[in-house]
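Chemist: Take a look and give me a structure for this.
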Amino acid sequence: MRRPIPPLLLGVVGLAWAGSAAPTTAIAGDPAPKLETTHLVRIPLDPDGVDGASLKVAPRSAHVVWRRQKEGSWAWVLDGKPGKDFADVGPLAFSDDGVHWAYFARLDGKRVLVVDGDERASPEPEPVEGSLRFVPGGAALAFLATRVGDAATSGMVAVVDGVAGPVFANIAENSLAFSRGGKRVAYKASAGDGERIVVDGKSSGPYPNGSLGRPRFSADGSRWLCEVSGSAQRLLLDGAEGPAFSKVTAAVFAPAGARYAYVAVRAGKPVVVIDGKEEAAMLEVSTTAPVFSADGAHVAYAARKADGWRVVIDGTDGSPFQRLGSESLQFSPDGKRHAYWAGSGPKPFFVIDGVAQKAVDLVGERQAARFSPDSKRFAYAARRGGKWVVVTDGDEGPETDGIAIGFPIFSPDSQHVVYDTAVGPHRVLFVDGQRGPSFDGFSEDTLAFGEDGATVGVIARRGVLGRIVIDGVEGEEYQALLPGSILVADGPRSFHAWFLRDQEILHDRAAFRGTTPR
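Modeler: Numbers count the residues shown, from 1 in each chain. As a prediction, this is how the structure comes out:
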């Protein structure tokens, strides 16, 4: 007989089954394949004093933590092992890889910083609650703090890897940005004369309060930008002001390198600016940001001339259409191909490498189309005659009642196409057009591929119980998936995640028993 989960915890972790954006699978194994479960970590859970809202799993499912109160003291519990008791403990932060953790605590009226279980004197007396975070790509820490002193030293500072920056009246916490790898830092700060962007300790400005956007770094970390609003709007690039426009929107850096682009308006006419150069005039330009190829070598955007909408790639116009889905515009991973949907009549169709495909009643929205990782294949969701299908390399798959947002997707080896569907009241995953088992729901963002690049794993729900499912084969049942837990591949056909069952926290791995043919 199953013991009930305490209501406090059930109210928190029970939400982990919600959602329908993740799936199940349908690649056939042997006649009766079975999953073998291994308990990597097994933690008896005493709910007394547990702050259920604090229960969470580290990135990559490396650890599980929760906050516990006992006899007036507070402690963080990591993998079932309580840390030191303090008068109070602040929110816990994990590093990107989930290996390191840190939090502020108060002891004898003083703040201390606890990193990986070791106490350190806090470099600032009053850290801002909730601002502690790890610098991307490592174990260095960053946070905001408030200083109290005379007029010259009172205010807020940003502390990065133990070094405090200049003092300001205020620093916008949500503006803190790091370059890839964490070598550079930027944020938005304000003083009595206005606000400014601070990059690596040096400020640009001041500008009127409320006029600056959030700073962003280029992929290679060499440049930064933000928008400046007001009666005249412009781009601030490496501290230098760009030309004035009546409006500046959709500023983006390329995924690689330091190229940039944005959309602007001058005297009522749209302008696309790429690497500081204004493109040829158009009657209208999509407000969707220009799209760069993965290597940053190519850039495209949607614009309208007198004869209709077209895609402009590296300054060259494509064919005109009456309408065009700018949000669907994309390059293949190798940058050599492109696709988008368009229409010259009542029905839309995809255009792949400049060639119009078969018209359908409706195309899916929000990442409902994509190239395979090797750039050779293309798949998209479409509706025809009241039913939804996935079209892969021009071939239509089985009819369904709906396809979840974000699907279809390709396996890492590009050989399989996977999509989560609605079939009547159930959720079903299709792989290469083959139907998998029916479930009542799926845990969000848990679809994962094995290290072989083809095996599909997911956490699915039938009734109130969930389980790991690998290639359509179901594992053991659990009462809840812990908040923040994802399904992580740790072998060609094995996965692990954190669950709650019978007042135990379980870090379980599911794998096929023996060798299962595919």
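Chemist: make it CA atoms for all contacts and neighbour counts henceforth
Modeler: OK.
Chemist: how about the residue nearest to residue 49 when sequence neighbours are not counted, phi and psi?
Modeler: Spatial nearest neighbour of residue 49, chain neighbours left out: residue 69 (4.7 Å); criterion: C-alpha to C-alpha, 6 or more residues apart in numbering. In terms of degrees, to the nearest 10, the main-chain angles of residue 69 are phi -110, psi 130.
Chemist: State the pLDDT value of residue 69.
Modeler: According to the prediction, residue 69 has pLDDT 95.
Chemist: same question, residue 16
Modeler: 49.
Chemist: Is the residue most central in space within the chain within a helix or a strand, and which one?
Modeler: Among the residues of the chain, the one closest to the centroid is residue 445, at 9.7 Å (C-alpha atoms, centre = their mean). Using DSSP states H and E, residue 445 maps to neither a helix nor a strand.
Chemist: isn't it right next to residue 486, touching?
Modeler: Yes: using C-alpha atoms under 8 Å, residue 445 makes contact with residue 486 at a distance of 7.0 Å.
Chemist: where does this structure have low pLDDT?
Modeler: Within the chain, the stretches with pLDDT under 70 are 1-31, 151, 514-518.
Chemist: and the residue nearest to residue 49, what does it touch?
Modeler: 49-51, 75 (C-alpha atoms under 8 Å, 6 or more residues apart in numbering).
Chemist: would you list those in JSON lines and tack on distance to residue 465, secondary structure and neighbour count?
Modeler: JSON lines is the format used below for those (distance: C-alpha to C-alpha, whole Å; DSSP: H, G, I helix; E, B strand; the rest coil; neighbours: other C-alpha atoms under 10 Å):
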{"residue": "49", "distance to residue 465": "26", "secondary structure": "coil", "neighbour count": "13"}
{"residue": "50", "distance to residue 465": "23", "secondary structure": "strand", "neighbour count": "21"}
{"residue": "51", "distance to residue 465": "23", "secondary structure": "strand", "neighbour count": "17"}
{"residue": "75", "distance to residue 465": "31", "secondary structure": "strand", "neighbour count": "21"}
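Chemist: Quickly name whichever of the residues you listed is closest to residue 108.
Modeler: residue 75 (14.9 Å; C-alpha to C-alpha).
Chemist: I'd like the distance between the residue nearest to residue 49 and residue 483.
Modeler: 20 Å (C-alpha to C-alpha, to the nearest Å).
Chemist: elements contacting the helix or strand harbouring residue 156?
Modeler: Using DSSP H and E, residue 156 falls within strand 155-160. Counting contacts by 3 or more C-alpha pairs under 8 Å, 6 or more residues apart in numbering; DSSP states H and E, strand 155-160 packs against strand 141-147, strand 170-171.
Chemist: Tell me the first helix or strand C-terminal of the last one.
Modeler: Sequence-wise, the next helix or strand beyond strand 170-171 is strand 177-178, with elements assigned using DSSP H and E.
Chemist: quick one: the helix or strand following that following strand to strand 141-147, angle?
Modeler: Beyond strand 177-178 on the C-terminal side, the first helix or strand identified by DSSP H and E is strand 185-191. Calculated by axes from the mean of the first three to the mean of the last three C-alpha atoms, to 10 degrees, strand 185-191 forms an angle of 10 degrees with strand 141-147.
Chemist: How is residue 326 assigned, secondary-structure-wise?
Modeler: Assigned by DSSP: H, G, I helix; E, B strand; the rest coil, the conformation of residue 326 is strand.
Chemist: Was I right to think it contacts residue 288?
Modeler: Yes: using C-alpha under 8 Å, residue 326 makes contact with residue 288 at a distance of 6.5 Å.
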